[in-house]
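Engineer: Below: sequence and its predicted model.
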Amino acid sequence: MEHGVTPGEFEEVVCDLIQVEESESSGRPIAFGFTANGRFLACVYELLDEMTVYPITAYPID
């Protein structure tokens with residue numbers, strides 16, 4: 001995945017998010033949360049159905 005974010009980190013954030021908003025640039029959902037190792041990430045995705053997300057991008061927030 002881009003920006004040094006692993007698929008596992010993406011899943012950690014999306015499954016246990018702190019906040020979800022709409023991305024200003026794409027209109028897609030963007031989840032914010034911490035990974036198990038303490039990284040704070042923003043994860044943009046598409047919701048395919050109630051149980052399935054398609055990752056678009058993710059990046060660390062300083």
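Structural biologist: Yes, it's here.

Engineer: OK, contacts around the residue most central in space within the chain?
Structural biologist: With distances taken as CA atoms, centre = their mean, the residue of the chain nearest its centroid is residue 43 (2.0 Å). Counting by CB atoms under 8 Å, 6 or more residues apart in numbering, residue 43 makes contact with 5, 10, 13-14, 30-33, 55, 57-58. Quick note: C-beta positions are derived from backbone N, CA and C, even for glycine.

Engineer: how about the nearest residue to it, chain neighbours excluded?
Structural biologist: Among residues not flanking residue 43 along the chain, residue 58 sits closest, at 4.3 Å (CB to CB, 6 or more residues apart in numbering).

Engineer: Count the neighbours of the one you found for me.
Structural biologist: By other CB atoms under 10 Å, 24 other residues sit near residue 58.

Engineer: quick one: it is in a strand?
Structural biologist: Yes - assessed by DSSP: H, G, I helix; E, B strand; the rest coil, residue 58 belongs to a strand.

Engineer: from the contacts of residue 43, which ones fall inside strands?
Structural biologist: 30-33, 55, 57-58 (DSSP state E).

Engineer: Among these, pick out the one closest to residue 19, please.
Structural biologist: When the ones in strands among the contacts of residue 43 are compared for distance to residue 19 (CB to CB), residue 32 wins out at 4.7 Å.

Engineer: Please report how far the closest residue to residue 39 other than its chain neighbours lies from residue 48.
Structural biologist: Nearest residue to residue 39, sequence neighbours excluded (CB to CB, 6+ apart): residue 60, at 5.6 Å. Residue 60 sits at a distance of 25 Å from residue 48 (criterion: CB to CB, to the nearest Å).

Engineer: The two - which one has more neighbours?
Structural biologist: residue 60 (13 against 9).
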